[in-house]
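In: Dropping a prediction and its sequence here:
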Amino acid sequence: MGLIKTSFLSGIGVLVKLLAQLGLNKLLAIYLGPSGFAVMGQLMSLMQLFSAFSTSVLSNGLVKYSAEFKLENTPLRTQLWKAAILFAVFTSLIVICIVSVFGEYLAVKYLGDIKYKDILFYFSLAFLFFSFNNICLAILNGFNQIVSLTLANIFGSLISVTLVAILAYFYDVQGALIGLATYQGVSFLATLLLCVKYDWFSLKNFFGKSSYLASKLLSSYLLMALVTACCIPISQLIVRTSIIENYGVVEAGYWDAMIRLSFAYLSLFTTVLGIYYLPKLSVLKEKASIISEMIEGYRLILPVTLIFLSSVFLLSDTIILLVYTESFLPIRDIFAYQLVGDFFKIGSWLLSYFFVAKALTRAFIALEVTFTITYVLLTKISINFFGFESIAAAYAVNYLLYWVTLCFLLFRRNGYINLEENYYE
């Protein structure tokens, strides 16, 4: 399935997801307000940290190898799935233990109130099903079963809004946060119903003895995704804490609202990249084919990104009022820099998928850690010397540097794109 067709089908699911995300943001804005968004942001960062122990860190590996073994029903294919299931069960038990022992401390330290420990507990119970959901979605993606993958994303989006809305209606803020913490686990039920019709879906393919080779193949992706899963929430926790200390919890809420909005509309592009580019680059071996695919991606995606982000900027006030409330209008002060950074982000991601697809673990980890550190440093400098509005400018500068660095590493004379083909095999 080509990029345009894949983009169209996945775009339908992403559009529903975007609308659901915007609806969810509206609900949270009504029930939480700007200061409540800061608490929610801390909760989301904690959830992302715990997700570093979920099968989401194996998703790219499962996509890659499911794509490679799509036409080969080899024992290794099912051994990879079994290894992922074992990882899911083991890490779920770890998360439950951590929350049981340290739940009160985490609630007070990062959420500001011991009453939020129950939210972390509910999240830990849903964690296993969240992991199972990631495994099924990754296999659908790798097998290029785009229609089912799209439907799974649509149902997951609708479940998220419905669950948060119901719980918020009956239990107010506490209910909204519980829904936010558990909906991904509940979404597994919809994904499961879509997977059972396929020949590959059988309990014997997921439960049983795995192999050392399967674990070794997934370990590279485990390391890469583990670093990403830790770097993002840790950097956000640091930045958010700095904003609170220097400007206050309301400004931190504005910043959280902006990055949530950014995440929502960027999902239109990142989903297409994940669904199409990762499986495609995983199977390409020739340098000319890889470069051709990258050029085609830039030719199609960058102009659309530029037009879309320009439209968002022109309609910024309307979007803020639609998605949030009037109390969030100060977000417009950081909108322009955020959008510039988002453009650089999409441009850089088109190249960064090469490192993931070819399992270039050390290079990927070095890049992630380096540019997480530069982001935190640039943000802290901005906060201390240039004011609240410059926080988004630091984000834009960081992703520009990231994009330039990727271009240098890939296309220089001895760059990764010029390595021998068997290096990737």
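Out: Noted; the coordinates are in hand.
In: For the rest of this, base every contact and every neighbour count on C-alpha atoms.
Out: Fine.
In: what residue ranges in the stretch 251-400 of the chain score low on pLDDT?
Out: 274, 276-279, 282-285, 359 (pLDDT under 70).
In: Please apply the same query to the stretch 101-250 of the chain.
Out: The stretch 101-250 of the chain contains no residues with pLDDT under 70.
In: what about the strands in it?
Out: Counting by DSSP state E, counting those that start in this stretch, the stretch 101-250 of the chain has no strands to list.
In: That one: helices as residue ranges?
Out: Per DSSP state H, counting those that start in this stretch, the stretch 101-250 of the chain carries helices over the ranges 117-142, 146-186, 188-195, 212-246, 249-272.
In: Next, format the ones you listed as JSON lines and append distance to S292.
Out: Listed next are the helices of the stretch 101-250 of the chain as JSON lines, based on distance: least, C-alpha to C-alpha, whole Å:
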{"stretch": "helix 117-142", "distance to S292": "21"}
{"stretch": "helix 146-186", "distance to S292": "23"}
{"stretch": "helix 188-195", "distance to S292": "33"}
{"stretch": "helix 212-246", "distance to S292": "25"}
{"stretch": "helix 249-272", "distance to S292": "18"}
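In: Could you identify which of those helices is most buried?
Out: helix 117-142 (a mean of 24; mean count of other C-alpha atoms under 10 Å).
In: Report the inter-axis angle for that one versus helix 146-186.
Out: Taking axes from the mean of the first three to the mean of the last three C-alpha atoms, to 10 degrees, one finds that helix 117-142 is oriented at 160 degrees with respect to helix 146-186.
In: packing partners for helix 117-142?
Out: helix 59-68, helix 75-106, helix 146-186, helix 188-195 (3 or more C-alpha pairs under 8 Å, 6 or more residues apart in numbering; DSSP states H and E).
In: Out of those helices, the one nearest L27 is which?
Out: helix 146-186 (7.1 Å; C-alpha to C-alpha).
In: Next, the angle from the closest one to helix 188-195.
Out: Going by the same axes, to 10 degrees, helix 146-186 is angled at 150 degrees with respect to helix 188-195.
In: re the thing from before, out of the helices and strands packed on helix 117-142, flag the one nearest T318.
Out: Here helix 146-186 is closest among the helices and strands packed on helix 117-142 (C-alpha to C-alpha), at 21.5 Å.
In: Save the helices and strands packed on helix 117-142 as a markdown table, and put in distance to I373 too.
Out: Output for these, formatted as a markdown table (distance: least, C-alpha to C-alpha, whole Å):
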| stretch | distance to I373 |
| --- | --- |
| helix 59-68 | 24 |
| helix 75-106 | 24 |
| helix 146-186 | 28 |
| helix 188-195 | 35 |
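In: out of those, nearest to S220?
Out: Of the helices and strands packed on helix 117-142, nearest to S220 by C-alpha to C-alpha is helix 59-68, at 8.1 Å.
In: show me the contacts for A214.
Out: A214 is in contact with L76, Q79, L80, A83, counting by C-alpha atoms under 8 Å, 6 or more residues apart in numbering.
In: Buried ones among those residues?
Out: Neighbour counting with 16 or more other C-alpha atoms under 10 Å marks L76, Q79, L80, A83 as buried within those.
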